[in-house]
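[1] based on what follows, work out the 3D shape:
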Amino acid sequence: MRPVVINKIGQYLTRSGETVTVDKIGEHRLDPSIPSGFTYGIYPNGVRETWWNTGHTHKSRETANDIVQMVGGITYEDRLARIEELKIDVDTYEQALKEKDLHPEDRDALNHELQLARNRLGEFIRGESL
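    Below you'll find the predicted structure:
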C-alpha cells in the first residue's frame, strides 16, 4: 500500500498493521493556519513518532511505520474551527463573570462552567478529545 497524506487528527493504520494516533498536525512557525511538513503521533505502546505529512517516516524510502490508511479523525481546518469555538465558550463565561450584580450562586455556577470550558479547550488542544 502507498502512504496517505495526513491532514486530520485521528487514528491511522501503518504498513505493518499497527494502529497509531496522530495527535498533532505540525504548524508553520510564523502562521499556525499553515500546516508544516510534519505530523506527530503515538503508538499504542506509548512510543512517539514523527511522519512527513505524506505519511512517510523517511522522505526517501518506505518503511513498515509509514501510514497507509486513515481509521478516523478530523481535518486540520475543522480542528482550528473547533479550537475557536471552545475559546469563544471560555470568553463568554469570562465576560459573564464580569457582571457586578451577580448572585453568589450564579457566580459559583459560572465559575464552574468556566472551569469546564477551560478543561474542554485544554483537552482538545492536547488531543485528549476529538
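[2] please make it C-alpha for all contacts and neighbour counts, starting now.
    OK.
[3] what backbone torsions are found at the residue nearest to Leu13 when sequence neighbours are not counted?
    Distance criterion Cα to Cα, 6 or more residues apart in numbering; nearest residue to Leu13, sequence neighbours excluded, is Thr19 at 4.6 Å. Reported as degrees, to the nearest 10, the phi and psi values for Thr19 are phi -100, psi 130.
[4] quick check: Thr19 touching Pro44?
    Yes - with contact defined as Cα atoms under 8 Å, Thr19 counts as touching Pro44 (7.4 Å).
[5] quick one, which of those two is more surrounded?
    Thr19 (18 against 10; other Cα atoms under 10 Å).
[6] OK, contacts around the more buried one?
    If a contact means Cα atoms under 8 Å, 6 or more residues apart in numbering, then Thr19 has 11-13, 43-44 as its contacts.
[7] narrow those to those in strands?
    Within those, residues falling in strands by DSSP state E are 11-13.
[8] can you put the residues you listed in CSV and add neighbour count, pLDDT and distance to Gln115?
    As requested, the ones in strands among the contacts of Thr19 are exported to CSV (neighbours: other Cα atoms under 10 Å; pLDDT from 0 to 100; distance: Cα to Cα, whole Å):
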residue, neighbour count, pLDDT, distance to Gln115
Gln11, 21, 88, 29
Tyr12, 25, 91, 32
Leu13, 19, 89, 35
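[9] many thanks, we can stop here.
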